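>>> coords please:
(one chain, ligands or ions: 1)
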Amino acid sequence: MSWPAGTPEAFALVRAGYDRIGPRYRDGSRDNAVRLHFVQTLLDRLGPGSVVVDLGCGSGEPATRVLAGHHRVVGVDGSLGQLRLARSAAPTAALVQADMTRLALRPGSVDAVASFYALGHVPAAEHAHLFASIASWLRPGGILLTSAPVVAGDGRQEDWLGVPMFFGGIGPEATRQAVEAAGLEVEGWETVAEDEGDGRTVSFLWITARRATGERRGPGR
Ligand SMILES: C[S@@+](CC[C@H](N)C(=O)[O-])C[C@H]1O[C@@H](n2cnc3c(N)ncnc32)[C@H](O)[C@@H]1O
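As a prediction, this is how the structure comes out:
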């Protein structure tokens, strides 16, 4: 099934689904070692008091909470139910209910954009546009850290954690093209497989990229 760009149906399904899921997703993922590892890689790259936007922050556990312990964090999520959980987890974070694909932020105003396990709910037709928006929000030298889906295409799963859910992605090759076309320089690119806990594994593409500074490189490089 293909979901045209701009269609609100996918977002409505995701938002309603996460409202109904409530704390169940958080309870199964808050201690996830892969998340914590990549949160740390972002912390290692940030200067003090950085402005970090966490797209699809969900319950805030653990990424928004940990990042907000060190930086000025804005968590964005479509689900009010998830944002209520994030309010308790990360009381110092600013929280915004919005569709990340429709978000408008001041150009160059952000030191880092993080997004953990959320891009896989964005329709394929929106991915390149979203990377371009993220690049525009970042200051030159600002960082994107995200997990992206490895599977290309749009689809609906009728029973995901007990609710119907939308998934979308463009696959590794098109993701790389979209990231680079947005003016982001890739610094880290790895596929990590995770145990779902029920014998199944699921893989995500972990991307670290930096908005180009426009500075010339030294001679011979
Ligand atoms: C799999 S959860 C991940 C939550 C959190 N980042 C984490 O690592 O546990 C995905 C979250 O992204 C949010 N989300 C998905 N698509 C979104 C969109 N277009 N705009 C805003 N939030 C979205 C969902 O509501 C959900 O809370």
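>>> tell me which helix or strand of this structure sits lowest on mean pLDDT?
helix 23-29 (a mean of 91; mean pLDDT, DSSP states H and E).
>>> touching the ligand at all, that one?
Yes. Using Cβ under 6 Å from any ligand atom, helix 23-29 reaches the ligand at 25, 29. (Glycine included, C-beta is placed from N, CA and C.)
>>> residues making contact with that helix?
With Cβ atoms under 8 Å, 6 or more residues apart in numbering as the test, helix 23-29 has contacts from 18, 35, 58, 59, 61, 85, 117, 161, 162, 197.
>>> need the contact list for the residue positioned nearest the centre of the chain.
In the chain, the residue lying closest to the centroid (Cα atoms, centre = their mean) is residue 115, at 1.9 Å. Neighbouring residues of residue 115 by Cβ under 8 Å, 6+ apart: 54, 55, 56, 100, 145, 146, 147.
>>> I'd guessed the second one sits against residue 113; true?
Yes. With contacts counted by Cβ atoms under 8 Å, residue 55 reaches residue 113, the gap being 6.4 Å.
>>> comparing the two, which shows the higher neighbour count?
The residue with more neighbours, out of residue 55 and residue 113, is residue 113; 29 against 24, by other Cβ atoms under 10 Å.
>>> just the contacts of residue 115 now: which is nearest the ligand?
Nearest to the ligand among those, counting by Cβ to the nearest ligand atom, is residue 56 at 2.8 Å.
>>> how about the closest one, nearest residue that isn't a chain neighbour?
Once flanking residues are discounted, residue 56 sits nearest to residue 118: 2.3 Å by Cβ to Cβ, 6 or more residues apart in numbering.
>>> now swap in residue 18 and tell me
Closest residue in space to residue 18, ignoring its immediate chain neighbours: residue 79 at 3.6 Å, by Cβ to Cβ, 6+ apart.
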